[in-house]
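>>> need a structure here:
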Amino acid sequence: MQFIAASHHAGQRLDQALHEQLPAYSRARLQDWIKSGRVLVNGAPGRPSRMLHEGDCIDVEPAELPPLRAAPEAIPLRVLYEDADFVAIDKPAGMVVHAGAGVHTGTLVNALLGRFASLSALGGELRPGIVHRLDRFTSGAILVAKNDAAHRALAAQFAGRQVEKTYLALVHGSVKADSGRIEKPIARDPRHRTRMTARLTTGRAAWTGYRVLRRWEGFTFLEVRIGTGRTHQIRVHLSSIGHPLAGDRLYGAPARSPAQPPIERFFLHAHRIRFQHPSSGQQVEIVSPLPEDLTRWMEQL
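Presented below is the predicted three-dimensional model:
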């Protein structure tokens, strides 16, 4: 399909103009098409943020819709705990939790369907069993419901902020206080849509507590607790006080110097999660040890 940018498209982002012209498709799907080279502007691949001019010729080659349900895949998983109600998985860094823009295979959901006979249906056919999420490059403990009753009970605890989530993080710089609490609202960054920000007065309320575990010259190792679950919360809050996560270039981590060991992702690990069992009501604590890649990185400091 093809259309010519009109006068009102001038100065408009390519993805916005496409969404206006093709309202039947989500903006995320259109961005996926742009990034995969299926959208040409005047014969050349465009970027989602490209500003259009009147008269620009936009050619769109739609991709087939992804499956409406996730497919099982034989992907190894490390199980931290399992019973009839839920399973706790030690998610590796780099694994996406469920299908999204540009990612439809190799997800945690695909792996879960390949291993477990029954998962909760409340999340729909693309997100069976998924009660909460972790960022793609955050490793650690994640809970998955096996039945609808367990899913409801766990979701209620997350919504009621009754779940205690503890992370391990290595940040740049020397954190002055041995412990502290950051309370700043988090919102989408209006200038960089892939980022969140704590610099605005508007946004969703969020708090992050931290405790220093160890110090090196130029780095501080923290235990971090969050009382809310906002997108990129720990990354945003720690960056807002001048201490971005090691390796987190999106939120201000400096480029690696020759004196520093390489790191392939940002240093954040979901170490411990504590909650009430969905059936018995008893306290449950799941612990994921710090993975080898982060341990090795820290040993070289």
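
>>> CA atoms for contacts and neighbours, from now on please.
OK.

>>> what is the subsequent helix or strand relative to the lengthiest helix in the chain?
For the chain, the longest helix by residue count, based on DSSP state H, is helix 148-159. Using DSSP states H and E, the helix or strand that directly follows helix 148-159 along the chain is strand 164-172.

>>> so where's the stretch 151-300 of the chain uncertain?
Within the stretch 151-300 of the chain, the stretches with pLDDT under 70 are 257-261.

>>> just the helices in the stretch 151-300 of the chain please.
233-240, 292-299 (DSSP state H, counting those that start in this stretch).

>>> what's across from H172 in the sheet?
Counting by DSSP bridges, H172 is bridged to F219.

>>> doesn't F219 make contact with it?
Yes: the pair H172 / F219 is scored as a contact, 4.7 Å apart, by C-alpha atoms under 8 Å.

>>> ok, and the closest non-adjacent residue to V39?
Nearest residue to V39, sequence neighbours excluded (C-alpha to C-alpha, 6 or more residues apart in numbering): V60, at 4.6 Å.

>>> make sure E61 is actually in contact with I34.
No: under the criterion of C-alpha under 8 Å, E61 is not in contact with I34, lying 9.5 Å apart.

>>> just give me the neighbour total for I241.
Using other C-alpha atoms under 10 Å, I241 has 11 other residues around it.

>>> and if you look at the one 3 residues further on?
Neighbours of P244 under the rule other C-alpha under 10 Å: 27.

>>> ok, now which ones touch it?
The contact partners of P244, by C-alpha atoms under 8 Å, 6 or more residues apart in numbering, come to V171, H172, R235, V236, L238, Y251, G252, A253.

>>> if we go to 7 Å?
V171, H172, R235, L238, Y251, G252, A253 (C-alpha atoms under 7 Å, 6 or more residues apart in numbering).

>>> nearest to H132, of the residues you listed?
Each of those was scored against H132 by C-alpha to C-alpha, and R235 proved nearest at 17.5 Å.

>>> that closest one: neighbouring residues, count only.
Using other C-alpha under 10 Å: R235 sits among 24 other residues.
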